[in-house]
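Student: sequence plus predicted model, see below.
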Amino acid sequence: MRLHLAASGWYEDNGRPVPAIDHAIEGGDFPHAAELLVRHAESFVEQGRLRLLARWLGSLPVELVERQPILQVTAVWADCFTRGPAEALARLERSGFEHSRDAAVRAHAAALKPLLLAFLDRYEDAMAAGQDGMAALPTCRPFADIVLSNAMARVMSVLGEPAQSHRLLEIARRLSQGDPNMRRYTESTEGILDLLEGRLRQASARFRMAAGTTPGKGYNHVHGNAWAGVLYAATVYESGDLDHAQHLLNVYQPLVRDVALPDHMIIHYTLCARIAFVRGDVDASLLALSDMEYEGHHRRLPRVIAAAQLERARLLLQQGHALAARESLDRADAPGLWERVRGQRLPSHDMDDLVAGRLRWEIAFGDAAATLPRLDEEIAAARTSSRLRRALKLRMLRALAAFRCADIAGALQTLEPALREACRDGFLRLVLDEGPAMAPLLQRLHATLQERMVSDPIFGDYLQRLMAAVGPAAPEPAPSVGDAQLQGALTRQEVKVLQLLADGYSNGAMAEKLAVSDSTVRTHLRSINVKLNAHSRTQAVAVARRLAVIA
């Protein structure tokens, strides 16, 4: 004990508070440890060392923490990024810190309240809570002022006030006076605005810079860095670099689960599911969506639950399961949720909401012609609100709808300018995530450009990349033998392989699912192609569906 206390004193005298506090706690001198924490707690918050603070505060007797308001408000910061914003908000609301006689505590409380409400998806409440705090700026705590300005900029962005959001971000920049840690948080918020407005490369550059904080240092490592990291992964995914995107998602997965921010979680799990599906690992894709739904129930976040069901509907649509996809869309339709989301600018639902999901289903399985007027309305609304990324996605859907109605000229008239805009900013997955349905459209556009002898090397290369990634369009099946004969020729195992193929499984995933070797799967596929007179996997599935061999 005496050695610990002596070491604590030595470290304190030499300006090293972390080991000084550690040794004071180990030596049982809790009052001295609390005194050191009172002196240094705010600097640790600013440095983002919140797990360390949570450990220390958990080691001290409760009565010692409760005697010091600054330690109590520090505990709220620590709870937010270790135990989640719901518990942090409950602690804050019990404390009455907003009316504290300590100006520093009031400043922290004013920043925390809108921040926590925003983290809990309560943006209207966050707006109301932040107004009084903004009116009181500047306070005696520049750090709290910067956090409040950034938090309110985010709230303004979500509620459709981008001009006000930019103004608050400029205030945050001035207050930070070049502090790189706080600047990263500001850049993350600015990047979200860029992303929503269709500036993918600019957003990616901001997120990459913001995510570059050294682990363990800086406030933004806990929120700004992790949040920027997930968003950076989204831009990397959009550019088509799935390996790098997956690496980033793996790095930030623990923070996604611990902090449980709704957009954070939705983007993370959705990207994991999509990458797995693209790679043919359908089981891993479904598992990611099940994990997202579980976390939504566990954290009592209805939007996360609905997002999992919405993405599951998209996956089922890609597999051709019309009824199951519609049922999943119906389950995603939580009362009042999507009406509220519709009035907000959320990065996780900018392109993927219930409206887009239902339109996509109608295009694939229902009345495609009826979707055209609705799509025109949605595109106009997205453009009016400067949600240009959403407008691009809706234009892809409109091209698909026109193509489904056999309006080839109309489809290409919609598609070509949209793709040229997508090409300028490097959007790939925005197009490719619509799946094989895009293949005939892309091929038609490519043929049309060749006939017109249009020379544009950059756009031509972009179009080639899209066609290579989406694969060839399924040609019209032309079997050389009768239908009944074809169906009878397929073995039960071959029918299973065909169904898995239609569901998007890779050869390796099929082998694992059927408990056979890769070579056995390849043998089955060769046999299927011969029996169905097919020349590709896509054509084999098309023939099998026409013959009702598979669903």
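Tutor: Received the coordinates, thanks.

Student: may I have the phi/psi pair for the closest residue to residue 160 other than its chain neighbours?
Tutor: Nearest non-adjacent residue to residue 160, counting by Cβ to Cβ, 6 or more residues apart in numbering: residue 345, 5.8 Å away. For glycine as for every other residue, the C-beta is placed from the backbone atoms N, C-alpha and C. Main-chain dihedrals, residue 345, degrees, to the nearest 10: phi -110, psi 90.

Student: poorly predicted segments of the protein, please.
Tutor: Confidence mapping of the chain against pLDDT under 70 gives the ranges 178-179, 181, 213-226, 260, 473-488.

Student: so it: which segments form each domain?
Tutor: 2-241, 367-473, 483-546 (automatic domain parsing).

Student: how far does the longest one stretch from start to finish?
Tutor: Its first and final residues considered, domain 2-241 spans 56 Å by Cα to Cα, to the nearest Å.

Student: same deal with stretch 404-411?
Tutor: Distance between the two ends of stretch 404-411: 9 Å, counting by Cα to Cα.

Student: now that stretch, how far from the chain's geometric center?
Tutor: 32 Å (Cα atoms, centre = their mean, to the nearest Å).

Student: now do the buried residues in that stretch.
Tutor: Neighbour-count burial for stretch 404-411, counted by 16 or more other Cβ atoms under 10 Å, picks out 404, 405, 407, 410, 411.

Student: from those residues, which land in helices?
Tutor: With DSSP state H as the criterion, helices contain 404, 410, 411 from among the buried residues of stretch 404-411.

Student: got TSV for the residues you listed, with distance to residue 379 too?
Tutor: Listed next are those as TSV, based on distance: Cβ to Cβ, whole Å:
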residue	distance to residue 379
404	17
410	14
411	15
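
Student: re the thing from before, what's the residue nearest to residue 160 in contact with, if anything?
Tutor: Neighbouring residues of residue 345 by Cβ atoms under 8 Å, 6 or more residues apart in numbering: 157, 158, 159, 160, 162, 196, 385, 387.

Student: any idea how far the first one lies from residue 134?
Tutor: In other words, residue 157. Distance from residue 157 to residue 134, counting by Cβ to Cβ, to the nearest Å: 15 Å.

Student: how about the last one?
Tutor: As for residue 387, its distance to residue 134 is 26 Å (criterion: Cβ to Cβ).

Student: more crowded one of those two?
Tutor: residue 387 (21 against 15; other Cβ atoms under 10 Å).

Student: how many neighbouring residues does the nearest residue to the more buried one once chain neighbours are set aside have?
Tutor: Nearest non-adjacent residue to residue 387, counting by Cβ to Cβ, 6+ apart: residue 196, 5.6 Å away. Around residue 196 there are 24 other residues, counting by other Cβ under 10 Å.

Student: residue 196: what's it in contact with?
Tutor: Per Cβ under 8 Å, 6+ apart, neighbours of residue 196: 157, 345, 347, 350, 386, 387, 388, 389, 390.

Student: dump the residues you listed into TSV; add secondary structure and distance to residue 32 as well.
Tutor: TSV is the format used below for the contacts of residue 196 (DSSP: H, G, I helix; E, B strand; the rest coil; distance: Cβ to Cβ, whole Å):
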residue	secondary structure	distance to residue 32
157	helix	45
345	coil	49
347	coil	46
350	coil	51
386	coil	56
387	coil	55
388	helix	58
389	helix	54
390	helix	56
